[in-house]
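Undergrad: No letters, just coordinates:
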């Protein structure tokens with residue numbers, strides 16, 4: 001099972017549009033039992049399914065669906081054969097959720113999340129750079145869990161803890177699927193460790209962890225700090241492609 005992939009929706013279609021050379025370099029002719037298509041970076045629906053199936057996958061989750069694009073995402077998933085599919089709905093920078101966190105109206109947040117999952121036919125909750133995406137609209141970001149989200153007066157810490165609580169109270173099968181703050185930045189492992197503490201004893205899935213485990217103060221002395229979080233919590237799930245220079249040299 002691939003719990004985090006990007007095989008359907010508006011973002012992959014943008015990828016298809018801006019990389020036509022990928023399609024030219026990887027044409028896939030039809031056969032007696034398969035349809036034609038193109039592949040490479042972002043394949044067509046049938047080609048994606050064929051290649052996942054050849055690798056032994058039976059289930060693939062589309063990991064980031066904006067609510068307004070959910071209908072189209074499901075259209076593509078329905079056109080993807082052979083494998084089981086599902087999707088996670090983006091909520092970490094949702095206007096209604098941020099507004100109700102600011103007002104402290106938890107019941108409205110829980111009810112809205114429940115309705116959003118039903119309306120979008122989502123499997124679980126996804127949060128990407130909580131609060132940071134909202135600040136990008138103003139040319140800014142968040143540097144830590146306690147920075148304020150502009151216009152709402154809430155923090156990434158509040159967003160994460162609220163969505164974890166909602167996820168657990170709704171009894172969703174998958175934990176909150178979290179893309180942490182400060183992805184790809186030197187020293188971001190400290191934010192990752194702090195985020196793990198925020199979860200407490202609740203379930204949490206951290207994704208892209210290979211890009212959230214960096215030490216150093218700049219790109220000149222960027223280093224891996226993956227060892228600093230390994231085995232720190234038994235309630236944590238992760239999806240990561242880890243590379244350790246010391247082990248590769250042995």
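TA: Good, I have the coordinates. Here the structure is a predicted model, which is why all the values come from computation and not from measurement.
Undergrad: For the rest of this, base every contact and every neighbour count on C-alpha atoms.
TA: Will do.
Undergrad: need the strands for the protein, in chain order.
TA: Counting by DSSP state E, residue ranges of the strands within the chain are 2-5, 27-28, 37-38, 59-65, 84-90, 124-128, 177-179, 204-207, 214-215, 223-224, 236-239.
Undergrad: Tell me the gap between the fifth one and the middle of its chain.
TA: Its chain's C-alpha centre lies 10 Å from the corresponding centre of strand 84-90 when counted by Cα atoms, centre = their mean, to the nearest Å.
Undergrad: Which strands border that strand, and is each parallel or antiparallel?
TA: In its sheet, strand 84-90 lies beside strand 59-65 (parallel), strand 124-128 (parallel), with partners assigned from DSSP bridges.
Undergrad: So for residue 188, which of these sits nearest?
TA: Between residue 188 and those, the shortest gap by Cα to Cα is with strand 124-128, which sits at 15.0 Å.
Undergrad: now the helices for this protein?
TA: Secondary structure of the chain by DSSP state H: the helices cover 10-18, 20-25, 45-54, 70-78, 95-103, 106-120, 132-136, 156-169, 189-199, 245-248.
Undergrad: least reliable of those helices going by mean pLDDT?
TA: When the helices of the chain are ranked by mean pLDDT, helix 245-248 comes last with a mean of 35.
Undergrad: closest to residue 161 out of the strands of the chain?
TA: Of all the strands of the chain, the one in closest proximity to residue 161, counting by Cα to Cα, is strand 204-207 (10.2 Å).
Undergrad: returning to that earlier point: ok, and which of the strands of the chain has the densest surroundings?
TA: For the strands of the chain, average neighbour numbers computed from mean count of other Cα atoms under 10 Å are highest in strand 177-179, which has a mean of 25.
Undergrad: how distant is that one from the center of its chain?
TA: The answer for strand 177-179 is 5 Å, by Cα atoms, centre = their mean.
Undergrad: For stretch 110-122, buried residues please.
TA: By neighbour count with 16 or more other Cα atoms under 10 Å, stretch 110-122 contains the buried residues 110, 113-114, 116-117, 120-122.
Undergrad: If we only consider those residues, which is nearest to residue 2?
TA: Lowest distance from residue 2 to the buried residues of stretch 110-122 (Cα to Cα) belongs to residue 122, with 16.0 Å.
Undergrad: Pretty sure the closest one sits against residue 87.
TA: Yes: between residue 122 and residue 87 a contact is recorded at 5.4 Å, counting by Cα atoms under 8 Å.
Undergrad: Now do the domain split for this structure, please.
TA: 1-89, 91-249 (the TED database).
Undergrad: first to last residue in the shortest one, what's the distance?
TA: It refers to domain 1-89. With Cα to Cα, to the nearest Å applied, domain 1-89 spans 18 Å between its terminal residues.
Undergrad: and what of stretch 174-190?
TA: 25 Å.
Undergrad: who touches it?
TA: 123-130, 132, 142-145, 163-164, 167-168, 191-192, 195, 203-208, 211-219, 222-223, 225-226, 228 (Cα atoms under 8 Å, 6 or more residues apart in numbering).
Undergrad: hang on, the earlier thing: I'd like the strands of the chain laid out as CSV, including distance to residue 104 and mean pLDDT.
TA: Listed next are the strands of the chain as CSV, based on distance: least, Cα to Cα, whole Å; pLDDT from 0 to 100:
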stretch, distance to residue 104, mean pLDDT
strand 2-5, 31, 93
strand 27-28, 53, 94
strand 37-38, 49, 92
strand 59-65, 26, 96
strand 84-90, 21, 97
strand 124-128, 19, 98
strand 177-179, 22, 97
strand 204-207, 22, 93
strand 214-215, 34, 94
strand 223-224, 38, 90
strand 236-239, 27, 67
